[in-house]
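Peer 1: Model the structure of this input:
(4 chains, ligands or ions: 2)
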Amino acid sequence: MNIRQIWSDQNNTWHISLAGEIDIYNAPELKNNLLKLVEQNKGDIQIDCSDLKYIDSTGLGVLISALRRVKDYNGTIMIKNLQPYIYKIFTITGLDKVFTIEVQE
Amino acid sequence: MNIRQIWSDQNNTWHISLAGEIDIYNAPELKNNLLKLVEQNKGDIQIDCSDLKYIDSTGLGVLISALRRVKDYNGTIMIKNLQPYIYKIFTITGLDKVFTIEVQE
Amino acid sequence: MDEISIKLPAKPEYMSVARLTAAAIANRLGFSIDDIEDLKVAVAEAGNYLINHFSDIFMLEFHYRIEDERIHVRVMAPNAETAKEHQSRESELSLFIIESVTDQVEKDMYQGSIRGFSILKTGGGSLKHE
Amino acid sequence: MDEISIKLPAKPEYMSVARLTAAAIANRLGFSIDDIEDLKVAVAEAGNYLINHFSDIFMLEFHYRIEDERIHVRVMAPNAETAKEHQSRESELSLFIIESVTDQVEKDMYQGSIRGFSILKTGGGSLKHE
Ligand SMILES: Nc1ncnc2c1ncn2[C@@H]1O[C@H](COP(=O)(O)OP(=O)(O)O)[C@@H](O)[C@H]1O
Ligand SMILES: Nc1ncnc2c1ncn2[C@@H]1O[C@H](COP(=O)(O)OP(=O)(O)O)[C@@H](O)[C@H]1O
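Peer 2: Numbering: from 1, shown residues only, chains lettered A, B, ... in the order given. Ligands and ions are numbered 1, 2, ... in the order given. Okay, here's the model as predicted:
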């Protein structure tokens, strides 16, 4: 797993890119990272998943938990460039209704 | 494993490209292919290994066996664009002395 | 019919090994990329579920039975006995996912807890594929 | 210390599974790309050797023992008894390769035949690396 982030003052948004595999082993690290970011700046979150190869239920749980924090201050989480086969995991679990998602063409 | 070949009348040579993994499972298929080619045209052989990811002892055995046939009519086998970590397998087994090899930069 | 079995420590860090083995087996059988991914996901979520469910789980076992275009895989926590008090909410997600990406799932129960999954995945696309 | 074990049919078509598992384990331990490749090659050649050596080999077993930066792997043909009459010439190549890419190899002998390999590979580059 690889996480990079840039804060944009202009549109009050964290631009995050997630790459590699997110699973039960490294999901806690992702959770710590996301929680630190929203403590630092209470903004919206855009997650670019162009290079995300795999996410499991534990990784989804982290996203849900982050969404809860972000909603506390009326922020949003947007997930971009999700590969179709990963998007499938979001639809199966109903999370396509919970997050705003853009699938990769 | 993927094998492609083109016969060049001009320099009396089979231009072969080997891609993927060659192992105990598919080495017999490689052997059949090479033997058919040298039956068809008794020429030199150039093998491009740019996309060769793995070769095991069985694959090396096939190359040795092909070399023997080719030497029967005074032909040569040249191995090109070998990845350094695969070249290592040739040096370990002394086959760097037996084949003419060009390693990938 | 061929059989493959794998035993791993029931630790999060080895789930990547479980996934890669599942993918390697499905790949060897000539499954499509989608079906390989489905099997990998199902096996991983079965492992996740068991790791999350039991406090005394040490080993995970994966038994593959391979026939033509079908893979049967049992994922088991052989000696696990004690369910955690608080079940993580991700476990529901795991169950959803396993059921959706496979052709058939049976749960092996032990004292009211799921202690294993018997999963069937066929190469021709899962029945519940979108 | 963690242990992983894998049992496979001793058939050429499953050696890709053996390789991928070896690579996945070494990758999990943070081995360098070269060391991952070395372990993969050693495990595969050990399997090749045994498949080529015995006429009555059905199963291959791989036992990994993992400590810090070291992987011990035993590759075994537990019930194989009958050596083939003609030993394939690739077997010499297998032995050469195994010895060159690992830190230590022990051969388990049975009635004059090698029936198993105990291989040690450390993450810090093999001793015999060029
Ligand atoms: N609807 C849900 N489905 C699956 N998992 C969830 C759901 N909601 C929360 N989770 C997971 O359960 C855990 C607890 O959620 P939450 O109430 O947000 O607590 P926390 O504040 O510890 O993140 C979180 O880590 C999250 O991963
Ligand atoms: N020096 C060698 N080292 C390892 N394997 C070899 C060597 N020479 C030949 N072989 C392998 O042994 C087998 C027999 O070799 P060869 O005499 O060329 O017979 P064939 O005509 O059946 O190819 C070949 O398939 C080849 O793979």
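Peer 1: Could you use CA atoms for every contact and neighbour count after this?
Peer 2: Fine.
Peer 1: Would you pull up how far the longest helix that chain A contains lies from the middle of the chain?
Peer 2: The single longest helix within chain A, with elements called by DSSP state H, is helix A:57-72. Put simply, helix A:57-72 sits 8 Å off its chain's centre (C-alpha atoms, centre = their mean, to the nearest Å).
Peer 1: got it, and stretch A:43-59?
Peer 2: Centroid separation for stretch A:43-59 versus its chain: 4 Å, with C-alpha atoms, centre = their mean.
Peer 1: contact partners of it?
Peer 2: The contact list for stretch A:43-59 (C-alpha atoms under 8 Å, 6 or more residues apart in numbering or on different chains) reads A:12-24, A:27, A:30, A:70, A:75-83, A:86, A:104, C:41, C:44-45, C:90-91, C:93-94.
Peer 1: now the strands for the chain?
Peer 2: Since you didn't name a chain, this refers to chain A. For chain A, the strands defined by DSSP state E occupy A:2-8, A:13-22, A:44-48, A:52-55, A:77-82, A:100-103.
Peer 1: nope, chain C
Peer 2: C:2-9, C:59-67, C:70-76, C:104-110, C:113-122.
Peer 1: if I pick the residue nearest to the spatial centre of chain C, what's in contact with it?
Peer 2: With distances taken as C-alpha atoms, centre = their mean, residue C:43 lies nearest the centre of chain C, 2.7 Å away. If you count contacts by C-alpha under 8 Å, 6+ apart, residue C:43 has them with C:18-19, C:22, C:73, C:75, C:98.
Peer 1: how close does it sit to residue B:42?
Peer 2: 51 Å (C-alpha to C-alpha, to the nearest Å).
Peer 1: sorry, back to before: indicate whether the longest helix of chain A makes contact with ligand 1.
Peer 2: Yes. Judged by C-alpha under 6 Å from any ligand atom, helix A:57-72 comes into contact with ligand 1 at A:61-62, A:64-65, A:68.
Peer 1: Can you tell me which of those are classed as buried?
Peer 2: Neighbour-count burial (16 or more other C-alpha atoms under 10 Å in any protein chain shown) applied to the residues of helix A:57-72 next to ligand 1 gives A:61-62, A:64.
Peer 1: Could you single out the nearest of the residues you listed to residue A:3?
Peer 2: residue A:62 (13.8 Å; C-alpha to C-alpha).
Peer 1: Would you quantify the distance from residue C:90 to chain B?
Peer 2: 38 Å (C-alpha to the nearest C-alpha, to the nearest Å).
Peer 1: so that residue makes contact with residue A:63?
Peer 2: No. At 11.3 Å, residue C:90 does not count as touching residue A:63 under the criterion of C-alpha atoms under 8 Å.
Peer 1: what sits in contact with each of these two?
Peer 2: Counting by C-alpha under 8 Å, 6+ apart, nothing touches both residue C:90 and residue A:63.
Peer 1: Count the residues that sit near the residue of chain A found nearest chain D.
Peer 2: Using C-alpha to the nearest C-alpha, the single residue of chain A nearest to chain D is residue A:25, 10.7 Å away. Look at residue A:25: counted by other C-alpha atoms under 10 Å in any protein chain shown, it has 17 neighbours.
Peer 1: My read is that it contacts residue C:13, right?
Peer 2: Yes. Residue A:25 lies in contact with residue C:13 (C-alpha under 8 Å); the separation is 5.2 Å.
Peer 1: partners of the closest residue to residue C:77 other than its chain neighbours in the sheet?
Peer 2: The shortest distance from residue C:77 to any non-neighbouring residue, by C-alpha to C-alpha, 6 or more residues apart in numbering or on different chains, is to residue C:60 (5.0 Å). Taking DSSP bridges as the rule, residue C:60 bridges to residue C:8.
Peer 1: Count the neighbours of residue C:60 for me.
Peer 2: Residue C:60: 26 surrounding residues under other C-alpha under 10 Å.
Peer 1: Got the confidence number for it?
Peer 2: At residue C:60, the model reports a pLDDT of 98.
Peer 1: now the buried ones among the residues of helix A:57-72 next to ligand 1 in TSV, with distance to chain B and pLDDT?
Peer 2: Shown next, in TSV, are those (distance: C-alpha to the nearest C-alpha, whole Å; pLDDT from 0 to 100):
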residue	distance to chain B	pLDDT
A:61	37	97
A:62	36	98
A:64	40	97
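Peer 1: Closest to residue C:7 out of the residues you listed?
Peer 2: Distance to residue C:7 across those (C-alpha to C-alpha) is lowest for residue A:61, with 26.8 Å.
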